[in-house]
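Chemist: How does the following fold in three dimensions:
(4 chains)
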Number of protein chains: 4
Amino acid sequence: MNNEKISVAILGATGSVGQKFIELLSDHPWFEIIELAASDRSAGKKYSEAVNWIMTTPLKEKYKNMIVQKCEPELKAKVVFSALDSSVAGEIESTFAENGYIVISNARNHRFDSDVPLMIPEVNYDHLKLIRKQKHKGAIVTNPNCSTIGLTLALKPLYDNFGIDAVNVVTMQAVSGAGYPGLSSMDIYDNVIPFISGEEKKMESEPLKILGSAKDNSIENAAFKISAQCNRVAVIDGHTECVQVNLKSKTKPEEIINIWQNYKSIPQHLNLPTAPERPIVYFYEEKYPQPKLHRNIEKGMAVSIGRLREDPLFDFKFVIHSHNTVRGAAGGTILIAELMKAHGYLDNL
Amino acid sequence: MNNEKISVAILGATGSVGQKFIELLSDHPWFEIIELAASDRSAGKKYSEAVNWIMTTPLKEKYKNMIVQKCEPELKAKVVFSALDSSVAGEIESTFAENGYIVISNARNHRFDSDVPLMIPEVNYDHLKLIRKQKHKGAIVTNPNCSTIGLTLALKPLYDNFGIDAVNVVTMQAVSGAGYPGLSSMDIYDNVIPFISGEEKKMESEPLKILGSAKDNSIENAAFKISAQCNRVAVIDGHTECVQVNLKSKTKPEEIINIWQNYKSIPQHLNLPTAPERPIVYFYEEKYPQPKLHRNIEKGMAVSIGRLREDPLFDFKFVIHSHNTVRGAAGGTILIAELMKAHGYLDNL
Amino acid sequence: MNNEKISVAILGATGSVGQKFIELLSDHPWFEIIELAASDRSAGKKYSEAVNWIMTTPLKEKYKNMIVQKCEPELKAKVVFSALDSSVAGEIESTFAENGYIVISNARNHRFDSDVPLMIPEVNYDHLKLIRKQKHKGAIVTNPNCSTIGLTLALKPLYDNFGIDAVNVVTMQAVSGAGYPGLSSMDIYDNVIPFISGEEKKMESEPLKILGSAKDNSIENAAFKISAQCNRVAVIDGHTECVQVNLKSKTKPEEIINIWQNYKSIPQHLNLPTAPERPIVYFYEEKYPQPKLHRNIEKGMAVSIGRLREDPLFDFKFVIHSHNTVRGAAGGTILIAELMKAHGYLDNL
Amino acid sequence: MNNEKISVAILGATGSVGQKFIELLSDHPWFEIIELAASDRSAGKKYSEAVNWIMTTPLKEKYKNMIVQKCEPELKAKVVFSALDSSVAGEIESTFAENGYIVISNARNHRFDSDVPLMIPEVNYDHLKLIRKQKHKGAIVTNPNCSTIGLTLALKPLYDNFGIDAVNVVTMQAVSGAGYPGLSSMDIYDNVIPFISGEEKKMESEPLKILGSAKDNSIENAAFKISAQCNRVAVIDGHTECVQVNLKSKTKPEEIINIWQNYKSIPQHLNLPTAPERPIVYFYEEKYPQPKLHRNIEKGMAVSIGRLREDPLFDFKFVIHSHNTVRGAAGGTILIAELMKAHGYLDNL
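Modeler: Residues are numbered from 1 along each chain as shown, chains lettered A, B, ... in the order given. Purely as a prediction, here's the structure:
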């Protein structure tokens, strides 16, 4: 690996996920943002004038005067991170891929295309090879839904070691998951909203593809049932989930905790820049994990778990927490790009 | 029924539930608070000086100058509402009952005494007769835990019509459930705490006694399993619960909704002053019920339900909401007293 | 006064102030809403389908099936309450007035028209006569800004009894003042925003017109200076304001408190339905007033005051609080209509 | 300066300020915490068992097993940071100083002792010499109140360049300023509390000592008047203040902004480890500064300022913001220690 950074662009650079990409990539050792693209309304403006910057670290000088580009395949960077809204992401991402760009997307549109990997680098790094089947000149790789990622990362060691028969999950999700401006303060303050459009269906299907087996031309889904109930709560960042599981083989809590605590995967072995040292952090304190205390653990890239115990109806229940805009969106997507780079998918662009 | 009101006293009158009793009883047609009792630290002071009044309606003048009494069985009122902390409630309530007082308690201490009814007036009015077995001169009747009440009220028509095999519940509970001062603002603001001490065990056991059958000397519990996971969220009042059920006989969502919407019980037939006209209110809007919009429905005495749908793992799932300090504490306890009065249990004191 | 209610319509009926009008007028003894009007986007729909109802009391049945009208002067009701957004209110209100309608408006557009009264019924009931100078067939009367009303009501007795030389005010305003959806939860949760567009200018000018003298053709403004600094805080309803004053003649705190506590004006003498019994409520507790405890005092129509004390730089400082969507918007506007009715301005329409 | 770190101890190590000291000193280049002391209740326990750790970065391993000491002058470290509660700080700090310890305190007790410097290193570094007049073997130096520090830092360049005649300030203060557990969530959520005990008096007096001149034996206070009004708002960290000033000589906003932006003082010249590069950061955006966006600027050690404009009653008004537990407590106190070290006050202990 030489010292030259790979040029990248952000599609949908003015939205909240786009901003998080910029924040996380501003000192990245491998990638350099050279272009910021957004809707026609923003295109042509200086980025600092087009954006309502809501990150809590200030916008770096080097991005302020970048002129926002249109989301058209005339960008110089050949690797593009997509933070586009799902209302436009489908077509734009396809167009970029057809024109030879590598599109690594946080949008939901292509997640279930049979030849598109739905990636959590620790979990299904081997699904990457699927992109060789894509008929584009370029490629599309997708990141799962924010509430799926923490869950699936927590399930992976259980799936590998014991097999899974059923998963029941109830979420308490942060407002930042709804984008910006997202929820009105009048709606969510002092409130719980027990519904997030489309979210339950995503949680009931995405983990099955991610935990599935890469076959020649597609993924064979994992074969267990998931029930999800999704709630929005008055938390800024970080999704908390109450999880119950039935396993195929018997085990004890201590064994599960031990497996979680020692869990490492390819991103850790490769020492990828954004990879958490510990992808899973287990807490013994019965009131943990909590968004406020644990969302930033491992720079927001770990899933925190606690309260593993036996359950009257399922084998076990436990609580997980993960940062929805870092591991669950921009950070997770960057980790995919790092895995692709490490495995040679970004060479010779 | 003559026009004279029954004199009552409040034990634990300075705490948050005690205050709620005072607020709800201040214009009650049947009961008149004549004494306010609290800890030795408060006894002897004017109530307005002993209390840190946190209700959002002002303290009525007639209570301000009442001298706080000790929690000893020398009160003139023979009916006492107990809002005592569980650290002291057990013994004090027993002492009052032994001395001939009717104790209607919101504390958890006597809930599982075999001869003490654990009451939700709509659900198990017939359990009241159990108090005739008590060896006190007086009697103790208890109100369930705040998170149990809404759940059990929602389950009752299902239990009666279809039978229940299993219940899974995950709660998102308001801070007022922890009393005052309860949770530090630094702990719960922008946070979820996935643990409430003792709460899950209460939810997994109390509904079984309440839905049980009154036998000669005790209650025969209902025979199904419950799994509960309890979370504290940044909501002031109102508990939201995601519920899943397996039923003994088959049915369809429309049938369940129909049964819920038409549900009435003894408190409605007797037209008790605090009884909600509709104990169960069903909402078809998929984002309902919500604490902010629905906690005060039917003056805080109804359980709101929404999102009934089929579930991949259980037969059905749905969301319930109820006001934890009204239906779930003071209001529910007052309704028990009203039922007792209507059934003659408060005559000749 | 006969028993027939006056028919009224709401312009801008789907917004948050429009909804508050409907909530407050649903059982009004004098007025009956017969028409709901809104933007072309909503016109023609059933109200229940056009509105995202965010009030905490449920929408009454009688309004659900009303067909939303356009905001054009073809309404049957001759008295219209305007909750229109200021981007369109100016022209629409003029058109209605030209066509003979009585427009009582919460919008800012006509507040400083020289022949338009800017009304707080307790403060400047005599300004109403100004409408006789209006060249419309109908009339326009306006309600002040939400943060102005509480302040001016608190200042009125000081102005009358001692004269005012200077007023300094710093506000902490609720999110509901920004309409719906208003502020993003991501912007205001765990935050203070020290800027509200246009608000400081309103607060520095409106009280001077309201406290001014009605001359033949216009108002002669009160002659003192006001400095305002306006902040948005994470409160749902209720504006809190730290106020400092210099008075023209000397006085003592006790005298001011006494005057405030005994303050009554025309709406109280006329016993108008929406008039608070006590327009000003003074609290001696040093931590009062507070939004959560006091916004609903006198059904949201009073200004609460506390902490009156001498100041190192001004004569006195104190804290005021008032409900921004009741006294500060819909409730205040309805009180104007009641005053107009009581004084014969709504006869023979 | 050799490479050996100076050993320090924390008094009051289990409280929220004590925890912040530990968090900020855990990798300090000059100081090494060797002892943690707290109340008798905690003494003798492992720190991890004595503390309810509420910082958002995890407690470092090296502190977990430290045995908590009593707050008695038998500690090995000769430099002690005091995070003691004011109910006990006065006496304990005196005892330590009498026994030869250098006490650098965040408590209010000794702030107005005539021979005790009340320090903001940028503002009054020359007051340090006052400790040579102390009759202790050791010394006491104090850090101002959290709401004073941001204000005084913002005023210093105005005081030096133009002179100050009067200062008016209204604060909106974070809950963390009240310590832990501090405010009940039921009191401050959806609320403003317009009173903080003792706070206004501190703000009206402390800046005058800090901006005063060091004379032979004491400080001659600055001679202008301050009026303060202090409010608690629903913000976790960061105090916002609306400030008005009268200056002795005329100037223009641009000149003031220019002076603020270029302000540097001794801690910057000495490049002290905790010194912010920019002690004052000015924002031109009219909705800035805000707690959520700016509290962590310069690692929480800067005061953010915005909205400087002319005022109808004073010469100018503006908004400031600073982090109350970093610059306003532990961080500010550490900066004092660094200044003392750099100036030789910590040699030969």
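Chemist: What sits closest to residue A:58 if chain neighbours are left out?
Modeler: Leaving out its chain neighbours, the residue that sits closest to residue A:58 by Cβ to Cβ, 6 or more residues apart in numbering or on different chains is residue D:297, at 7.2 Å. Just so you know, the C-beta spots here come from the backbone N, C-alpha and C atoms, and that holds for glycine as well.
Chemist: I'd assumed residue D:280 was in contact with the one you found.
Modeler: No - at 10.4 Å, residue D:297 and residue D:280 do not qualify as touching, with contact defined as Cβ atoms under 8 Å.
Chemist: Any buried residues in stretch A:79-89, and which?
Modeler: Under the neighbour-count criterion of 16 or more other Cβ atoms under 10 Å in any protein chain shown, stretch A:79-89 has A:79, A:80, A:81, A:82, A:83, A:84, A:89 buried.
Chemist: So which of the residues you listed sit within strands?
Modeler: A:79, A:80, A:81, A:82 (DSSP state E).
Chemist: And the furthest pair within these?
Modeler: Within those, A:79 and A:82 form the most distant pair, 10.8 Å apart (Cβ to Cβ).
Chemist: Let me see the domain layout of chain A.
Modeler: A:6-144+A:330-342, A:146-324 (automatic domain parsing).
Chemist: distance between the ends of the longest one?
Modeler: By that I understand domain A:146-324. Using Cα to Cα, to the nearest Å, one end of domain A:146-324 lies 5 Å from the other.
Chemist: show me the contacts for whichever residue of the stretch 201-349 of chain A sits closest to chain D.
Modeler: Closest residue of the stretch 201-349 of chain A to chain D, Cβ to the nearest Cβ: residue A:293 (5.9 Å). Under the criterion of Cβ atoms under 8 Å, 6 or more residues apart in numbering or on different chains, the neighbours of residue A:293 are B:191, D:54, D:56.
Chemist: which SS state does it fall under?
Modeler: Three-state call for residue A:293 (DSSP: H, G, I helix; E, B strand; the rest coil): helix.
Chemist: related to what we said a few turns ago, dump the ones in strands among the buried residues of stretch A:79-89 to JSON lines, plus distance to residue D:201 and pLDDT.
Modeler: Below are these laid out as JSON lines (distance: Cβ to Cβ, whole Å; pLDDT from 0 to 100):
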{"residue": "A:79", "distance to residue D:201": "60", "pLDDT": "98"}
{"residue": "A:80", "distance to residue D:201": "59", "pLDDT": "98"}
{"residue": "A:81", "distance to residue D:201": "54", "pLDDT": "98"}
{"residue": "A:82", "distance to residue D:201": "56", "pLDDT": "98"}
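Chemist: ok, so of those residues, who is nearest chain D?
Modeler: When these are compared against chain D (criterion: Cβ to the nearest Cβ), the nearest one is residue A:81, at 23.9 Å.
Chemist: quick revisit: may I see the ones in strands among the buried residues of stretch A:79-89 arranged in CSV, with distance to residue D:119 as well?
Modeler: CSV is the format used below for these (distance: Cβ to Cβ, whole Å):
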residue, distance to residue D:119
A:79, 52
A:80, 52
A:81, 48
A:82, 52
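Chemist: Could you check how many residues crowd around the residue lying closest to residue A:170 once chain neighbours are set aside?
Modeler: Counting by Cβ to Cβ, 6+ apart, residue A:170 lies nearest to residue B:170, which is 4.0 Å off, once chain neighbours are set aside. Residue B:170 is flanked by 27 other residues according to other Cβ atoms under 10 Å in any protein chain shown.
Chemist: Isn't residue B:170 up against residue B:231?
Modeler: Yes - counting by Cβ under 8 Å, residue B:170 sits close enough to residue B:231 to count as a contact (7.1 Å).
Chemist: Give me the distance from stretch A:265-283 to the chain's centre.
Modeler: Chain-centre distance of stretch A:265-283: 14 Å, with Cα atoms, centre = their mean, to the nearest Å.
Chemist: Buried residues, it. List them.
Modeler: Quick answer for stretch A:265-283 (16+ other Cβ under 10 Å): A:265-268, A:270, A:272-276, A:278-283.
Chemist: Can you give me the pLDDT of the residue of chain A found nearest chain D?
Modeler: Ranking the residues of chain A by distance to chain D (Cβ to the nearest Cβ) places residue A:190 first, at 5.5 Å. Looking at residue A:190, its pLDDT reads 98.
Chemist: Repeat that for the one 10 residues further on.
Modeler: On pLDDT, residue A:200 comes in at 98.
Chemist: cool, and residue A:252?
Modeler: The model's pLDDT for residue A:252 equals 98.
Chemist: ditto for residue A:348
Modeler: pLDDT, read off for residue A:348, is 77.
Chemist: what's the distance between it and chain C?
Modeler: Distance from residue A:348 to chain C, counting by Cβ to the nearest Cβ, to the nearest Å: 41 Å.
Chemist: Can you classify residue A:286 as helix, strand or coil?
Modeler: coil.
Chemist: Which residue, neighbours along the chain excluded, lies closest to it?
Modeler: Spatial nearest neighbour of residue A:286, chain neighbours left out: residue B:195 (5.2 Å); criterion: Cβ to Cβ, 6+ apart.
Chemist: Surely that neighbour is in a strand?
Modeler: No - using three-state DSSP, the secondary structure at residue B:195 is coil, not a strand.
Chemist: Next, count neighbours for it.
Modeler: 18.
Chemist: With residue A:257 instead?
Modeler: 18.
Chemist: Contacts only, for it.
Modeler: A:282, A:308.
Chemist: what about it, which helix or strand?
Modeler: helix A:253-261 (DSSP states H and E).
Chemist: One more: residue A:97?
Modeler: helix A:86-98.
Chemist: Nearest spatial neighbour of residue A:327, chain-adjacent residues omitted?
Modeler: residue A:301 (5.0 Å).
Chemist: Identify the residues contacting the helix holding residue A:97?
Modeler: Against helix A:86-98 from outside (Cβ under 8 Å, 6+ apart): A:11-12, A:39, A:71-73, A:80, A:82, A:84, A:103, A:105, A:107-110, A:134, A:136-140.
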